[in-house]
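Colleague: the following comprises the amino acid sequence and a computationally predicted model.
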Amino acid sequence: MNVLRGSMPHLVLDKISIHYDGQPAPAVERVSIDVAGDDFVVLVGRSGCGKTSLLNVAAGLVTPARGNATTDGRPITAPGSDRTVVFQNDALFPWLTARENVAFALRLRGVRPAERARRADELLALVKLGDAGDKRIWELSGGMRQRVGLARALAAEPQFLLLDEPLGALDALTRERMQTTLLDLWTASHAGVLMVTHGIEEALVLATRIVVLAPGPGRVVRSFEPGFSRRYAAGEGIRAIKADPAFAAARGELTDAIFEGEAA
Ligand SMILES: Nc1ncnc2c1ncn2[C@@H]1O[C@H](COP(=O)(O)OP(=O)(O)OP(=O)(O)O)[C@@H](O)[C@H]1O
Ligand SMILES: [Mg+2]
């Protein structure tokens, strides 16, 4: 935990509206989200409510029509190495091996060639792909590719990790294991996380704050601070946390918030 709270980095989306060219209505209207350097903020909401669009603003890939996006008070105008993104559909180099994909991010950071392979293998081991370094991307399953994408994002040692459904292609069991892996990565990396998911339990397990969006246009309808991930970080087991009646209550509340106002 950073004791110098005043120096903690902040990623701030302030009253962001997004209006795509040629669209009659804005995709997102006046959404504000603040991600501190030790936060794990999760965006949830029905398809089309603007989750990916907001992540792309934070990444510097989409320019908002109105509002300010900043890190540490500086405007976000382009992608930067302080913020790395794992996309909904991964963007790995299919002809390279898993190790080479991760090493590529290390090269961009100026890590010496002799160090790269060793560090890449460490990162692959972190995402439970320790023995897949020599495999080419096209030889890996969708879930394995997502994990290579995570390892590559971590290689940049960013201040903020931007994750768009990073576990979406995983089977249920691997996904559950990867949730705790993600929490371990979050604790170890000291990076603030802004993540999108459709998983209700996943949001509750991972988030220090959940922001619920509704579509038409995309806007914030609720914000929760579930606190389960801080309990995990403090040493409590994930099974015990999920068995807590407070977890079931939170799940009901979050489900209601997501589907509130939806036409029957
Ligand atoms: N490049 C684009 N050009 C025009 N419209 C877009 C573009 N990208 C997204 N949109 C529109 O903006 C709205 C929000 O899309 P976005 O992808 O941000 O939603 P989402 O919440 O991520 O959805 P999902 O859960 O399906 O991934 C949608 O109506 C979508 O059609
Ligand atoms: Mg999306």
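Modeller: Nice, I can see it. Ligands and ions are numbered 1, 2, ... in the order given.
Colleague: list the contacts of residue 181.
Modeller: 126, 127, 128 (C-beta atoms under 8 Å, 6 or more residues apart in numbering). Using the backbone N, CA and C atoms, a C-beta is placed for each residue, glycine as well.
Colleague: then residue 59?
Modeller: Neighbouring residues of residue 59 by C-beta under 8 Å, 6+ apart: 79, 83, 85, 162.
Colleague: near ligand 1 at all, stretch 167-176?
Modeller: No. Judged by C-beta under 6 Å from any ligand atom, stretch 167-176 stays clear of ligand 1, getting no closer than 9.3 Å.
Colleague: gap between the lengthiest helix in the chain and the chain center?
Modeller: Assignment by DSSP state H gives helix 172-189 as the longest helix of the chain. For helix 172-189, the separation from the chain centroid amounts to 12 Å (computed by C-alpha atoms, centre = their mean, to the nearest Å).
Colleague: got the buried residues for it?
Modeller: 174, 175, 176, 178, 179, 181, 182, 183, 185, 186, 189 (16 or more other C-beta atoms under 10 Å).
Colleague: quick one on the thing from earlier: can you list the contacts of residue 59 in JSON lines and add secondary structure, distance to residue 17 and neighbour count?
Modeller: As requested, the contacts of residue 59 are exported to JSON lines (DSSP: H, G, I helix; E, B strand; the rest coil; distance: C-beta to C-beta, whole Å; neighbours: other C-beta atoms under 10 Å):
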{"residue": "79", "secondary structure": "coil", "distance to residue 17": "21", "neighbour count": "14"}
{"residue": "83", "secondary structure": "strand", "distance to residue 17": "21", "neighbour count": "23"}
{"residue": "85", "secondary structure": "strand", "distance to residue 17": "21", "neighbour count": "22"}
{"residue": "162", "secondary structure": "strand", "distance to residue 17": "19", "neighbour count": "28"}
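Colleague: turn these into JSON lines, including pLDDT.
Modeller: Formatted as JSON lines, these follow (pLDDT from 0 to 100):
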{"residue": "79", "pLDDT": "90"}
{"residue": "83", "pLDDT": "92"}
{"residue": "85", "pLDDT": "86"}
{"residue": "162", "pLDDT": "95"}
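Colleague: got the residues you listed as CSV, with distance to residue 116 columns?
Modeller: Output for the contacts of residue 59, formatted as CSV (distance: C-beta to C-beta, whole Å):
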residue, distance to residue 116
79, 22
83, 22
85, 21
162, 23
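Colleague: surely residue 190 and residue 38 touch.
Modeller: Yes. If you go by C-beta atoms under 8 Å, residue 190 and residue 38 touch, sitting 7.2 Å apart.
Colleague: sorry, back to before: closest one of the buried residues of helix 172-189 to residue 230?
Modeller: residue 183 (9.9 Å; C-beta to C-beta).
Colleague: kindly state the pLDDT recorded for the closest one?
Modeller: Residue 183 is assigned 91 on the pLDDT scale.
Colleague: how is the protein divided into domains?
Modeller: Structural domains assigned to the chain are 1-30+61-78, 80-198, 200-264, following automatic domain parsing.
Colleague: please identify the helix or strand for residue 118.
Modeller: Using DSSP states H and E, residue 118 sits within helix 113-126.
Colleague: identify each buried residue in that helix, please.
Modeller: 116, 119, 120, 121, 123, 124, 126.
Colleague: export the next helix or strand along the chain from that helix as PDB, just CAs?
Modeller: Next in sequence after helix 113-126, counting helices and strands by DSSP H and E, comes helix 142-155. Taking Å, rounded to 0.1, in the frame of the first residue of the first chain, the C-alpha atoms of helix 142-155 are listed here in PDB:
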ATOM      1  CA  GLY A 142      -8.400 -18.400 -26.900                       C
ATOM      2  CA  GLY A 143      -8.100 -18.400 -23.100                       C
ATOM      3  CA  MET A 144      -4.300 -18.900 -23.300                       C
ATOM      4  CA  ARG A 145      -4.100 -16.000 -25.800                       C
ATOM      5  CA  GLN A 146      -5.900 -13.800 -23.300                       C
ATOM      6  CA  ARG A 147      -3.400 -14.700 -20.700                       C
ATOM      7  CA  VAL A 148      -0.500 -13.900 -23.000                       C
ATOM      8  CA  GLY A 149      -2.200 -10.500 -23.500                       C
ATOM      9  CA  LEU A 150      -2.200 -10.000 -19.800                       C
ATOM     10  CA  ALA A 151       1.400 -11.000 -19.400                       C
ATOM     11  CA  ARG A 152       2.300  -8.500 -22.200                       C
ATOM     12  CA  ALA A 153       0.400  -5.700 -20.600                       C
ATOM     13  CA  LEU A 154       2.100  -6.400 -17.300                       C
ATOM     14  CA  ALA A 155       5.500  -6.300 -19.000                       C
END
